[in-house]
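Visitor: when you get a sec, could you give me coordinates for this:
(chains A, B and C)
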Amino acid sequence: MTYVSFLSFFVLGLTLGIVYVLLSEGFALLYGVAGVLNGSYGALYMVVGYSTFLFFFYFKLGILASIFASLLLVAFLSYLIQKYIADERNTLDALFLTLAFAFVLQYLVSFLQCSSAFRSSCQYPAFVPVFINGSTTFLGVSIFNQYLVADGITIAILLALWVVLSKTKIGKAIRAVSQDKLAASLVGINPMRVILLTSVISAVMAGVSSVFLTSYQTLDPTIGWNIITLAFAIVVIGGLGSLKGQILASFILAYARVYVLLFYNPLLADFVSLALLIVVLLVRPQGIFGKEVV
Amino acid sequence: MRTISNAAISRSVIVAIVVVVIVIVAATSILAYQRLVQKPVPHYVTLGLSLPLSYAVGQDAYDAAQMAVNQINANGGVVMNNTHYMLRIVAEDTDELDWTIPVDQGVSALEKLVTVDHAQVILGGVRTDVVVAEAAKLAQYQIVFVDIESNEPIVECEVHHSPSCPPGITANYTAYKYYFHLFINGSAIAPYLVKFAVELKNYAQTHPGWPNVTRVAVMGENALWTVGPVGRPAGNSTLFHVMQNLGFKVVYASLFPLNTQDFSTHLSQIAASKAGLIMLFFSGSDGASFIEQWQSYNWPNGQKPVVFGPGLLGGFSEFWTMTNGAAQSYITWPATVNVSFTPKTVPFIDAFYKEYGHTPNTAALDMYDGVYIVAQAMSIANSWKAYKLIPALESITYTGVIGVIHFTSSHGINLPSIPMYEQFGQWQNGVLVPIWNTTSSSISSKIIPPPS
Amino acid sequence: MPILFVVVIAVLLVLVEAVTQNQFYLGVFTLITMYAVLAMSWDILSGVTGYLNFGLAFPFGVGGYTAAYLWTAYKIAPVEAIALSGLSAVFFGFLIGAPSLRLKGHYFIMVTLLVPIATSEFLDFALVQDGSIFGVNAVVNNTSFVYNASVVIFALTGIALCAVAYSRLGLVLRSIKDDEVSAQALGIKTARYKLIAFSLSNLFSGMIGAVYVFSNGVASPTNFGLLFSALPVFMCALGGIGTIVGGVIGAFILEGAIDFLRISYIQDARLLISATLLVVILLFFPKGIWGYVRGESK
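Guide: This next block holds a predicted model:
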């Protein structure tokens, strides 16, 4: 490994790691901290991309206004999902319903994007425009400015989350609900409201990651599945409920992937990441910082 | 209590749902049965279209088929045995461009077209595994299938073996003779890529503003059609050996999985290798992601490498909007540009634009020619039945919009006489500008270097 | 009663073949039957034993590839190939499953989810020289055989799994679902029983995976696709988790919707309509349709 390639490895792994943290943040909050498994996380990520395009291209709002409107939309959607679809059911039923709803969203978007009923929109595949232009070279590697800003926002979110979860009343309420819903309600916390709030925050975080990342990629109704699989894996490997673990897991996965891409065989990067995940789960299922499996 | 009231509501809901479901099933069955019993009026020939109707590719192909059929019917239809037959089309959705949908939807579409819609000839096909599955069924129905957009030679190899065919595939002419392939098999374009690269080198070395295009980076998607041109491992192919002998140096070569979204590692390695030319091989949206990232990348010394190569989606009219203009200066093949591949090309493109508001993509041009070829073959054979139609198709020479079409022994097209598949175009400000084809003596002066 | 239901459906399916020889309809019923087998296979491990398997595409795909390989390399007859594919799925499933059955709850979900994805990535990498695709035209033109094979496997699966689920073995499995720790405390060797349920699940999935490949004439990495893992789960949820026959009902409803909604003006929307139908039914019938019919409440 030459010096140059080590630098590339370092920088690329770092950027990808922060991207993974951003992608899994919302899911970590909802599942890791509040204990709610929402199968629609990936679908909401996907919807934000499409709705940003909708507002930007068809309603001619500026890009920032479009992003803001999309985040509002997906927050509302998540609220509805949590309240009417996942509400008051046991985890399993809620999981199946939210997964099924994820498919509804996927096929709905696909239908609106192009079908015999919507023919003119076939010619305008949705995309999220790049809204922070240019690239900066950092230690010899070029990083898109938009990703740099995303990285900054991720760090800000992490700090905010850490502060909120450990120091504020609402954070403690969230953690209380994740530990024991009944006990939490006995001390005056309304678990349903707390969960609704958490799911809205989670959806907004998914949305933020989506607008930053999908600009340089292509939108497709199925992109949500990769996202939720990745987020789920990161949270489980890191240890449920542990923010530290989520961050560490993100970087481990990111560096493993970049290593295979740069030095081994780009075609095996996905396979190696998945195999690594499977091995970790088999060997240490509670994750890096998780509690012992009950 | 909750349980009781849930049950009370649900019982009537059950009844309602059951009734609705029964009505739907009954209605469908009745409609289907009527279709089954009521064969269409004898003087029609039904063309079945097996297409992904939820995607621009499918919709464009459908539109082109409709246009061809309208024109043929306006001119009296198809004459078989001194009787005029009108053409009509029926389309079934294969969902093939949704990679989470397995091949059975494509097979169902084919089966419905043949056994319920009474199609007599099938046209369509985009995704390779679906085409392979559909082609396997043709012998059972003895129906001709014209493949208009899939880019791999697998089924061609099953018609007639050739040295470039993969070892695992055996030919079975009796079973696969029904298959005809109008789209170019992607591995056949290698010689043209070399020619273009040489012309590009000559141009770049004599004009300002161009990077050093003799340093080549190879980026190939990991699919069967790139095994030939890109080689395995990447860069180890006749194409690149020839280029090395012509003054090029391959400084980086890599394969990437289909549907890759993040190319940051590749781009950083390409930048480190100081390549001035990237040869990019892709079919779908992975290419769009690459182009977006290439355009915004902070290239060392501000010297952005030129990108060219076979990129199926790259020539589609929506490629520009989908990359939000990042395709500027990207040179793609094949390029459906408003150029006279034959005297029929420009009138078709203009008419299509007038009718549908956008330029047709390769699937549309292929489908248009496909319908006409089938119509003409039926006239010659005086029948739509496969045992007569196949010999007619095998011997026909037809001048279409893509070129002069004559099928090879493996039922593929004869590349040299199809100008559309020799055309390279460059995206400039939203328009695909023709800059070279294999009959040009040199590159058009309209070509532009990558923007800095 | 559940076994009777299975037998009745099997008889009805045979009758369909007597009534129509139309390939499209036979093809649709073949698909429905296949998914019914998958749903029942899912149910015995996940619904009855409580180990949620989100990777049923793995044994399904393994069965398919085994059949494809046996046919193209050794020209093994379809019937034998199907049986061998089932065994192959059990074998490969065992390699992955034995270690992962130690895991509980969400961890098991995670591992099973990742395995088919990893496998299809690997196959994409390893097989591209041959097109990543096996052309398998053994019986692709013999729709009767494919249909009959599906119905036979359906009947076998249904009878076997109902017999297991509603027997003492089934009680043991359900005790694992209810409270594995207590079951172990009572001296039940849960590891062994979990493996039995897992192997049964893989056996039938593998066999039907082989039938799928023979029916379409192609084995490709999409055989390990998401829908083969997700649809059986939804079908059981629709019909009633843990009932075995619930999955059959769900298969008819969901796959029936997807395939029969190929009607001119709405065919583009058929996936959307099917997914919406799924959500609506799940909302109103949380315990599945079979659950309500039997007046169960949990």
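Visitor: so which elements touch the helix or strand that residue B:216 is a member of?
Guide: Per DSSP states H and E: residue B:216 is located in strand B:215-221. If contacts are counted by 3 or more Cβ pairs under 8 Å, 6 or more residues apart in numbering or on different chains; DSSP states H and E, strand B:215-221 sits against helix B:227-230, helix B:238-245, strand B:249-256, helix B:264-272, strand B:277-281, helix B:285-296. For glycine as for every other residue, the C-beta is placed from the backbone atoms N, C-alpha and C.
Visitor: please see if the fifth one touches chain C.
Guide: Think strand B:277-281. No - applying Cβ under 8 Å from any Cβ of the partner chain, one finds strand B:277-281 separated from chain C by no less than 13.0 Å.
Visitor: dump the C-alpha coordinates for whatever helix or strand residue B:196 lives in into PDB.
Guide: Applying DSSP H and E as the criterion places residue B:196 in helix B:190-206. Taking Å, rounded to 0.1, in the frame of the first residue of the first chain, the C-alpha atoms of helix B:190-206 are listed here in PDB:
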ATOM      1  CA  ALA B 190     -15.300  -3.200 -30.200                       C
ATOM      2  CA  PRO B 191     -13.800  -2.400 -33.600                       C
ATOM      3  CA  TYR B 192     -15.700   0.800 -33.800                       C
ATOM      4  CA  LEU B 193     -14.600   1.900 -30.400                       C
ATOM      5  CA  VAL B 194     -11.000   1.500 -31.500                       C
ATOM      6  CA  LYS B 195     -11.500   3.500 -34.600                       C
ATOM      7  CA  PHE B 196     -13.200   6.200 -32.700                       C
ATOM      8  CA  ALA B 197     -10.500   6.300 -30.100                       C
ATOM      9  CA  VAL B 198      -7.900   6.700 -32.800                       C
ATOM     10  CA  GLU B 199      -9.800   9.500 -34.400                       C
ATOM     11  CA  LEU B 200     -10.300  11.200 -31.100                       C
ATOM     12  CA  LYS B 201      -6.600  11.000 -30.400                       C
ATOM     13  CA  ASN B 202      -5.800  12.600 -33.700                       C
ATOM     14  CA  TYR B 203      -8.300  15.400 -33.000                       C
ATOM     15  CA  ALA B 204      -7.300  16.000 -29.400                       C
ATOM     16  CA  GLN B 205      -3.600  16.100 -30.200                       C
ATOM     17  CA  THR B 206      -4.200  18.800 -32.800                       C
END
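Visitor: quick one: residue B:336 and residue B:365 touch, right?
Guide: Yes - Residue B:336 is within contact range of residue B:365, at 6.2 Å (criterion: Cβ atoms under 8 Å).
Visitor: find the residues that touch each one of these two.
Guide: Common neighbours of residue B:336 and residue B:365, using Cβ atoms under 8 Å, 6 or more residues apart in numbering or on different chains, are residue B:420.
Visitor: between those two, who's got more neighbours?
Guide: residue B:365 (29 against 26; other Cβ atoms under 10 Å in any protein chain shown).
Visitor: residue B:67 versus the more buried one, what's the distance?
Guide: Distance, residue B:365 to residue B:67, by Cβ to Cβ, to the nearest Å: 11 Å.
Visitor: try residue B:120
Guide: In terms of Cβ to Cβ, residue B:120 sits 20 Å off from residue B:67.
Visitor: more neighbours, the two?
Guide: Between residue B:120 and residue B:67, counting by other Cβ under 10 Å, residue B:120 is the more crowded of the two (24 against 20).
Visitor: wait, what's in contact with that one?
Guide: Counting by Cβ under 8 Å, 6+ apart, residue B:120 has contacts B:45, B:46, B:47, B:48, B:143, B:384.
Visitor: which of these fall in strands?
Guide: Of the positions in those, B:45, B:46, B:47, B:48 sit in strands, assigned by DSSP state E.
Visitor: and the furthest pair within those residues?
Guide: B:45 and B:48 (10.6 Å; Cβ to Cβ).
Visitor: give me the more crowded residue out of these two.
Guide: Comparing residue B:45 with residue B:48 by other Cβ under 10 Å, the one with more neighbours is residue B:48, at 24 against 21.
Visitor: local confidence estimate at the residue nearest the centre of chain B?
Guide: The centroid of chain B falls nearest to residue B:149 when counting by Cα atoms, centre = their mean (2.8 Å). Each residue has a pLDDT score; the one for residue B:149 is 92.
Visitor: element containing residue 10?
Guide: By default, I'm working from chain A. helix A:3-27.
Visitor: actually, chain C is the one I wanted.
Guide: helix C:2-19.
Visitor: counting by contacts, list what the next helix or strand after that helix packs against.
Guide: Using DSSP H and E, the helix or strand that follows helix C:2-19 in sequence is helix C:23-42. Counting contacts by 3+ Cβ pairs under 8 Å, 6+ apart, helix C:23-42 is packed against helix B:104-115, helix C:2-19, helix C:143-165, helix C:190-216, helix C:226-239, helix C:245-260.
Visitor: taking helix C:245-260 as reference, get the angle to the first one.
Guide: Going back to what we said before, that points to helix B:104-115. 60 degrees (axes from the mean of the first three to the mean of the last three Cα atoms, to 10 degrees).
Visitor: what helices or strands is helix B:104-115 leaning on?
Guide: Helix B:104-115 makes packing contacts with strand B:44-51, strand B:83-93, strand B:121-124, helix B:128-141, helix C:23-42, helix C:190-216 when contacts are defined by 3+ Cβ pairs under 8 Å, 6+ apart.
Visitor: state the pLDDT value of the closest residue to chain C within the stretch 351-452 of chain B.
Guide: Residue nearest to chain C within the stretch 351-452 of chain B: residue B:386 (14.3 Å; Cβ to the nearest Cβ). Note on residue B:386: pLDDT of 94.
Visitor: let me see the contact set for it.
Guide: Neighbours of residue B:386 in contact, by Cβ under 8 Å, 6+ apart: B:142, B:143, B:144, B:178.
Visitor: kindly reformat these as TSV containing neighbour count, distance to residue A:124 and pLDDT.
Guide: Shown next, in TSV, are those (neighbours: other Cβ atoms under 10 Å in any protein chain shown; distance: Cβ to Cβ, whole Å; pLDDT from 0 to 100):
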residue	neighbour count	distance to residue A:124	pLDDT
B:142	13	41	94
B:143	21	36	96
B:144	24	35	96
B:178	25	37	96
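Visitor: looking at those, spot the one nearest chain A.
Guide: Looking across those and measuring by Cβ to the nearest Cβ, the closest to chain A is residue B:143, at 24.3 Å.
Visitor: from residue A:243, how far off is that closest one?
Guide: Noted for residue B:143: a distance of 60 Å to residue A:243, by Cβ to Cβ.
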